[in-house]
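Asker: Sharing a model prediction with you, sequence too.
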Amino acid sequence: MSKLIPDYVFDSIYDITPELLGRHGIRGVLIDLDGTMASHKATLPPDTLAPFVRTLHEAGLQVLVFSNNRETRVGKFCHALGAEYICRAGKPLAGGFRRAAKRLGLPLEQIAVVGDQISRMCWVATVSVR
């Protein structure tokens, strides 16, 4: 897989809008959990997260929490959020992204990835698997 190179960098996940994603033909969003949706220490989602995810859904975007963390961590968090997820995703390997695309029923070109590991900022990148 080619490296994920951010198309956009934000101070917060809440700065990402459905309009921005839609302008790029994005129909699905893979969002990292730890450090992106919430602190690594948060066992439950913050109150502000569910309205954000709902806004994405209402705009017609599919949302999948995409984490390398274990089932007990991701499952509890996502159950409280009411969100679908893939744990032990195997990021940054291509297989995990392909599995997520299949689960969403979308081509990789229509999926954005939201994460936090580049300069500890929230970023959005489109997926390119070779």
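Answerer: The structure has been received and is ready for your questions. Note that the structure is predicted; figures quoted are calculated from it, not measured.
Asker: okay, CA-based contacts and neighbour counts for the rest of this
Answerer: OK.
Asker: mind listing the strands for this protein?
Answerer: Secondary structure of the chain, counting by DSSP state E: strands at 8-10, 28-31, 62-66, 84-86, 111-115, 122-126.
Asker: Low-confidence stretches in the protein?
Answerer: 1-3, 117-130 (pLDDT under 70).
Asker: ok, now how distant is the residue nearest to the spatial centre of the chain from Lys91?
Answerer: Closest residue to the average C-alpha location of the chain: Ile31 at 1.1 Å, with C-alpha atoms, centre = their mean. For Ile31, the distance to Lys91 equals 12 Å [C-alpha to C-alpha, to the nearest Å].
Asker: Same question for Thr36.
Answerer: 14 Å.
Asker: Please apply the same query to Thr55.
Answerer: Counting by C-alpha to C-alpha, the gap from Thr55 to Lys91 is 26 Å.
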